[in-house]
Every structure is written in structure tokens, then in C-alpha cells.
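Quick one, what's the 3D model for this:
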Amino acid sequence: MSVAGKWRVTMPTPIGTLEFVWDLTDTGGAWHGQMSGEPPIGTSELTAIEAQANVISFVTAVKSPMGALQANFIGTATGDSMTGTCKTRFGDNQFSAVRV
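Here you go, the predicted structure:
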């Protein structure tokens, strides 16, 4: 099953629960993506996207009060649900997502 599509993501963090949306598209093996959410998330491009079957990983830079923060995501989808980890310089956070 492809991980392409829109995903609503929920991620508990030390600063509170963050909610945002990923929009992932596969155009003949070339992946593109965008992440969007309310401040402090804003909108950012997803880069270095790698997808194989139901596993996806990518990098993005989100806005933070201390400047851009690199976030490395890796997730595994089962049907219309996904779970995974977001790694930042402040530590790792688990996330869950549902296809919308």
C-alpha cells in the first residue's frame, strides 16, 4: 500500500501536542511533500523523501522560536493509520497519523 496522500498527524512533545498535515505525492517514483499546521509549525517542504511499500522517511525544517529546527521523520503505515518517530536536536517524539 502506498503512503501517498494527506495525513493528519498528532505528536505529543514537551511543549504540548502538535497537530499538522502532510501532503505526500508520488509522481512516477519522484516523491514530493509539504507539511502544514498552525503556528509554530507553519508550512515547510519535505525533502529527502524515501518510501518503500508502507514505510516512509523524510526531513523538514520547521519554524521555532529559536530559528529553523530540522526534523527527521520515519513512519510505518498500516492501512489508513501510521505511527513513527520524529528526531530533532531536542530528542525523539512519537507520532501517530491517519489518512484524510
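
only C-alpha atoms for contact and neighbour calcs from this point on.
Noted.

which stretches of this protein have low pLDDT?
For the chain, the stretches with pLDDT under 70 are 1.

The nearest residue to residue 57 once chain neighbours are set aside and residue 64, how far apart?
Closest residue to residue 57 apart from its sequence neighbours, by CA to CA, 6 or more residues apart in numbering: residue 74 at 4.2 Å. From residue 74 over to residue 64 the distance is 21 Å, taken as CA to CA, to the nearest Å.

and those two? which has more neighbours close in?
residue 74 (20 against 13; other CA atoms under 10 Å).

Any idea what the residue nearest to residue 57 is bridged to?
residue 57, residue 85 (DSSP bridges).

Most remote residue from the middle of the chain, which is it?
Here the chain reaches farthest from its C-alpha mean at residue 28, the gap being 20.9 Å by CA atoms, centre = their mean.

For it, give me the backbone phi and psi.
phi 60, psi 40 (degrees, to the nearest 10).

repeat for residue 53
Dihedral angles (degrees, to the nearest 10) for residue 53: phi 50, psi -110.

Determine the number of other residues adjacent to it.
Using other CA under 10 Å, residue 53 has 10 neighbouring residues.

cool, residue 9 as well?
By the measure other CA under 10 Å, the count of residues near residue 9 is 20.

and if you look at residue 12?
Residue 12 sits with 13 neighbouring residues when counted by other CA under 10 Å.

Tell me which helix or strand it sits in.
Following DSSP states H and E, one finds residue 12 within strand 5-13.

buried stuff in that strand?
By neighbour count on 16 or more other CA atoms under 10 Å, the buried set for strand 5-13 is 6, 7, 8, 9, 10, 11.

which residue ranges form the helices in the protein?
Here the chain has no helices by DSSP state H.

So for stretch 33-50, what gets flagged as buried?
For stretch 33-50, the neighbour count (16+ other CA under 10 Å) marks 33, 34, 35, 36, 37, 41, 43, 44, 45, 46, 47, 49 as buried.
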